[in-house]
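Enquirer: Take a look and give me a structure for this.
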Amino acid sequence: MPPHPGPAGAGTAGQGRCRCLQTQAGRRLRLELRVPERRWWRIKVRGLAQLRDWPALWLFYNSARRPPLSAAAFAEAAIANGAPAEAARYAPRMPPAEAVPLLLQCGEASAARAIALANKDKNPELLRRVSAHLGAAP
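Expert: Numbers count the residues shown, from 1 in each chain. Okay, here's the model as predicted:
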């Protein structure tokens, strides 16, 4: 089945769908199709990440008082699209148990170690995980 052509004059199919996410027409479509808010957020996060529009993704994350998706969803979208530095930007907004593995995946071992050291009494496993990643003793 050929891809949907998107809105008229929007360019390629992928660009048309992503542009639709940021317009009034996109909001109308969301309401018309009764797309749940959480699913809409996932679609928009994936679209912005595929466009590599990192400032828009960050603004979108900060646009709601309490976003329906966790910071991990935004970080995963950035990693999936080859931007580990952008993914690391969401780590301070995550619990330490999620932030440390994310930072290790992004190549930010020193930041991961700092978080693990700050939380060594509450969660000693984090420090072990960082040490194992670095190949050193705790």
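Enquirer: I'd guessed A97 sits against N123; true?
Expert: Yes: judged on Cβ atoms under 8 Å, A97 makes contact with N123 at a distance of 6.2 Å. Where you see a C-beta, it was placed from the backbone N, CA and C, and this is true even at glycine.
Enquirer: low-confidence ranges in this structure?
Expert: 1-23, 136-138 (pLDDT under 70).
Enquirer: rerun that using 50 as the cut-off
Expert: Where the chain drops to pLDDT under 50, the residues are 1-13, 15-16, 20-21, 137-138.
Enquirer: so where do the strands sit in it?
Expert: For the chain, applying DSSP state E gives no strands.
Enquirer: is it true that L126 touches A116?
Expert: Yes: applying Cβ under 8 Å, one finds L126 in contact with A116, separated by 4.0 Å.
Enquirer: Find residues that contact each of the two.
Expert: P96, V100 (Cβ atoms under 8 Å, 6 or more residues apart in numbering).
Enquirer: Between the two, point out the one with more neighbours.
Expert: A116 (25 against 22; other Cβ atoms under 10 Å).
Enquirer: ok, Y90 - contacts?
Expert: The contact partners of Y90, by Cβ under 8 Å, 6+ apart, come to Y61, A71, A72, F74, A75, A78, L102.
Enquirer: and these, which of them are in helices?
Expert: Y61, A71, A72, F74, A75, A78, L102 (DSSP state H).
Enquirer: which one of those has the most neighbours?
Expert: Taking other Cβ under 10 Å as the neighbour criterion, A75 ranks highest of the ones in helices among the contacts of Y90 with 27 neighbours.
Enquirer: where's the residue minimising distance to the centre of the chain relative to F60, distance?
Expert: Closest to where the C-alpha atoms of the chain average out (Cα atoms, centre = their mean) is F74, at 1.2 Å. According to Cβ to Cβ, to the nearest Å, F74 stands 8 Å off from F60.
Enquirer: Equivalent analysis for G107, please.
Expert: From G107 over to F60 the distance is 25 Å, taken as Cβ to Cβ.
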